[in-house]
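Novice: Need a 3D model of the sequence below.
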Amino acid sequence: MIVEPVAVDNIAHNIQLAVAPVFLLTGIGSVLNVLTTRLGRVIDRARGIEAHFPEFGAEDRAIAIRELRVLDRRMATVHIAIALCTMSALLVCVLVSILFIGDFVPVPPSTTIAALFVVAMTLLIGGLVMFLREIRLATRSVRVNQALIGADPSQPGG
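Specialist: Next comes the predicted model:
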């Protein structure tokens, strides 16, 4: 089976097709940046608590253990989010490669492209859901004492 040479305009068209997913990669990269920053902060907080743990009395140790458990869940959740978003980005890279070499192979890659895109989006959705879950864990673990800020707990938002 002989494959005919691909015209320059076909290559240019393939490059144009491959550019759109590159913007998706930029967005996923931004999400990964946020996730890794959050993970770093959680790790720093856990290390800080662990460093001072021997100095704590019984009551402070109980509080520290509760916080460390929450931090451990947050780390695991962010780690899953990072893994899902990274796998999504890798599939988008494969997608870009297939879009570019599509004219060089005798079999039309349209089904493969569609399947990769759906899987990449599903992984990204999973990563974003885990991100929301981590945010929920973080906000639930930090409840502001309403008496300290002078808010009326019977009023919404205050």
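
Novice: Could you list the low-confidence segments of the chain?
Specialist: Residue ranges of the chain with pLDDT under 70: 1-8, 144-148, 151-158.

Novice: those helices in it, which residues are they?
Specialist: Secondary structure of the chain by DSSP state H: the helices cover 8-52, 58-101, 110-141, 146-149.

Novice: quick one: the second one to chain centroid distance?
Specialist: Read it as helix 58-101. Relative to its chain's centre, helix 58-101 lies at 6 Å (C-alpha atoms, centre = their mean, to the nearest Å).

Novice: Angles on the backbone of V105, please.
Specialist: Phi and psi for V105, reported as degrees, to the nearest 10, are phi -110, psi 150.

Novice: Report how many residues lie close to it.
Specialist: Close neighbours of V105, defined as other C-beta atoms under 10 Å, add up to 11. Heads up, the C-betas are built off the backbone N, CA and C, glycines and all.

Novice: gap between it and A18?
Specialist: 15 Å (C-beta to C-beta, to the nearest Å).

Novice: repeat for I135
Specialist: Relative to A18, and taking C-beta to C-beta, I135 is found at 33 Å.

Novice: neighbour count winner among the two?
Specialist: Neighbour comparison, I135 and A18: the larger count goes to A18, with 17 against 14 (by other C-beta under 10 Å).

Novice: got the contact list for that one?
Specialist: Neighbour list for A18: 96, 99-100 [criterion: C-beta atoms under 8 Å, 6 or more residues apart in numbering].

Novice: how far is stretch 96-115 from where the chain is centred?
Specialist: Centre to centre, stretch against its chain (C-alpha atoms, centre = their mean), the figure for stretch 96-115 is 27 Å.
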